[in-house]
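Student: Sequence first, predicted coordinates after that:
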Amino acid sequence: MAIDPSQIWLIVGAICLAIEALGIPGIGFLFAGLAAILTGLLVHLNVVDAANNGIQIAVFFATTTLLAVVLWKKLKSWRTNPASAGDYRNMIGDVAIVGQDGLARGKVGQVSWSGTTMMAELSEQSGTISVAQGDAVEIVEIKGNRLIVAPKRMNG
């Protein structure tokens, strides 16, 4: 008993989507998986000849390319959208510790927050020129992947 070509395309599509989800994301297996599923659907509906492997492969590659052209930019912006930084706004108000070399106004330095070293710079509004290594600072803003910090004010 021979396997129907549409089933082979569906299996190839499922494998590609599994690789994208569990293995190597960002390589294009998403587009290849979707294209394989669409090719299988077109073969199953007899839009593409089930006996002509060359046309099936051409449809697969054309569909992969079309999906990549149409969806690549949208998926990339969705994945790296600066608006999604809102998820990290809970860091504002937290305390970080200034890393080696300290922080100086107008220069990027490092702070340690929650066990992670992060890029940081001093807030222009803080009025502070520099902060020494090991001093506590408060996270007041997030710009992209950089924390904007100000010296921690002591209560009391």
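Tutor: Perfect, thanks for sending it.

Student: gap between the one helix or strand in the chain whose mean pLDDT sits lowest and the chain center?
Tutor: Each helix and strand of the chain was given a mean pLDDT (mean pLDDT, DSSP states H and E); the minimum falls on helix 53-80 at a mean of 85. The chain centre lies 18 Å from the centre of helix 53-80; the measure is C-alpha atoms, centre = their mean, to the nearest Å.

Student: So which bits of it are buried?
Tutor: Q56, V59, F60, T63, T64, L67, A68 (16 or more other C-beta atoms under 10 Å). Every C-beta, even on glycine, is put in place using the N, C-alpha and C of the backbone.

Student: Just name whatever secondary elements that helix is in contact with.
Tutor: helix 5-18, helix 29-44 (3 or more C-beta pairs under 8 Å, 6 or more residues apart in numbering; DSSP states H and E).

Student: what is the orientation angle of that helix with helix 29-44?
Tutor: Taking axes from the mean of the first three to the mean of the last three C-alpha atoms, to 10 degrees, helix 53-80 and helix 29-44 form an angle of 140 degrees between their directions.

Student: After helix 53-80, which helix or strand is next?
Tutor: For helix 53-80, the succeeding helix or strand toward the C-terminus, using DSSP states H and E, is strand 95-98.

Student: Now that following strand: buried residues?
Tutor: If you call a residue buried by 16+ other C-beta under 10 Å, then strand 95-98 has these buried ones: A96, V98.

Student: what's the offset of that strand from the middle of its chain?
Tutor: With C-alpha atoms, centre = their mean as the basis, strand 95-98 stands 26 Å off its chain's centre.
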